[in-house]
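[1] Here you go, sequence then predicted model.
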Amino acid sequence: MSAAPLQAANRRVGALAALMAVVMVGLAYAAVPLYRMFCEATGFGGTTQVASTAPLNTGVTGRSIKIRFDSNIAPGLDWRFRPKATEVSIPIGEKRLGFYTASNRGSTPITGRAVYNVSPDIAGRYFIKIDCFCFTEQTLAAGETVDMPVSYYIDPAILDDPAASKVDEITLSYTFYPVDNPSPVTLSGAAKRTNAG
């Protein structure tokens, strides 16, 4: 093979390798949002669904399900975070409002963000959130206490899923993590602020 075709082949291989590197970097950046979209669409890993409103035929299934509320704090966040009620029983399809209370035990404002899931995992596609404090970052002033709401319902379609229809208890779990660079938007308007004193 002469020098000219060899150089052309080397350029093609080099260009192909560079293109593959760009594609791999692009896929690495796209992996997290694509995975998040997959989880939100399918309920994979206990990811809940989101809706803007509850269905009009609420609570007509005649069956109830127990909802347990769990709360956790990641290391580095000097907050106290607890559900107002640890469990409730609700009719499937009925819109409900639950509350968690968070208190900043530190001496400076702290911003946190909640990560959530439900268990068993299969219930994630039927646990529908309408509004939640977990959709935005939450900033608490030193010593501040807030009540944070979550509006939700259980989709009656759970009764049509052979694997999920036997679920009689769902645990909604939140873990609050500190936010290093908080956005300018703070506590949601639905939260009720009080002074810890």
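    Sure thing, it's come through.
[2] can you map out the strands along the protein?
    Remark: strands assigned in the chain by DSSP state E are 49-50, 64-73, 79-83, 87-91, 96-104, 110-119, 127-132, 138-140, 144-154, 169-178, 192-195.
[3] Pairing-wise in the sheet, spell out the partners of the most centrally placed residue in the chain.
    For the chain, the residue lying nearest the average C-alpha position, counting by C-alpha atoms, centre = their mean, turns out to be Tyr116 (4.3 Å). Legend: beta-bridge partners of Tyr116 under DSSP bridges are Tyr174.
[4] i'd like the first residue to be 299 from this point on
    OK, 299 is where the count begins now, so the last one is Tyr414.
[5] wait, isn't it in contact with Ser471?
    Yes - contact criterion C-beta atoms under 8 Å: Tyr414 and Ser471 qualify, at 6.5 Å. (Each C-beta comes from the backbone N, C-alpha and C, glycine too.)
[6] Now do stretch 387-403, average pLDDT.
    For stretch 387-403, mean pLDDT rounds to 94.
[7] To clarify, my last question referred to stretch 369-383.
    Rounded mean pLDDT across stretch 369-383 is 95.
[8] What residues sit buried inside that stretch?
    Using 16 or more other C-beta atoms under 10 Å as the burial criterion, the residues of stretch 369-383 that qualify are 369, 371, 375-377, 379, 381.
[9] Okay, now that stretch: how far is its last residue from its first?
    The stretch stretch 369-383 measures 11 Å between its terminal residues, going by C-alpha to C-alpha, to the nearest Å.
[10] domain ranges for the chain?
    As given by automatic domain parsing, the domain ranges for the chain are 301-340, 347-493.
[11] could you give the mean pLDDT of stretch 432-443?
    The predicted confidence, averaged over stretch 432-443, sits at 93.
[12] what's the offset of it from the middle of its chain?
    How far stretch 432-443 lies from its chain's middle: 17 Å, per C-alpha atoms, centre = their mean, to the nearest Å.
[13] looking at this protein, which helix or strand is least sure?
    For the chain, counting by mean pLDDT, DSSP states H and E, strand 490-493 ranks last in confidence among helices and strands (a mean of 48).
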